[in-house]
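K.L.:
Let me see the structure of the following:
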Amino acid sequence: MLIIVTYDVSTETVAGRKRLRRVAKACERIGQRVQKSVFECTVDEMQFEQLERELLAEIDDEQDNLRFYRITEPVELRVRQYGRFRSVDFEAPLVI
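P.N.:
Residues are numbered from 1 along each chain as shown. Take a look at the predicted model:
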């Protein structure tokens, strides 16, 4: 399934900046950044739950915001893209 992960982490303190880096790194491991605090991730249910638990453990509920959007199939009808961004097609063959 395709999910969109968005976050807004308070960076007013050193601890907040560290949380921001840890949240970004966790998202980078499983998805691709499409904007500064927005990631597209193609995951199965187990990967989704694992990412959700990991991110919930990082954020501060009083200062930060974390949102997950599940994009229902077919993705081609739900996502429209304009402009220069080049996304990675995870379904296409990998060419090295």
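
K.L.:
Tell me the gap between the lengthiest helix in the chain and the middle of its chain.
P.N.:
In the chain, taking DSSP state H as the definition, the longest helix is helix 14-30. Helix 14-30 has its C-alpha centroid displaced from the chain centroid by 11 Å (Cα atoms, centre = their mean, to the nearest Å).

K.L.:
So for that helix, what gets flagged as buried?
P.N.:
For helix 14-30, a neighbour-count test (16 or more other Cβ atoms under 10 Å) marks Arg19, Leu20, Arg22, Val23, Ala24, Ala26, Cys27, Ile30 as buried. Using the backbone N, CA and C atoms, a C-beta is placed for each residue, glycine as well.

K.L.:
list the contacts for the nearest residue to Glu54 once chain neighbours are set aside?
P.N.:
Counting by Cβ to Cβ, 6 or more residues apart in numbering, Glu54 lies nearest to Ala26, which is 5.2 Å off, once chain neighbours are set aside. With contacts defined as Cβ atoms under 8 Å, 6 or more residues apart in numbering, Ala26 is in contact with Leu51, Glu54, Leu55, Glu58.
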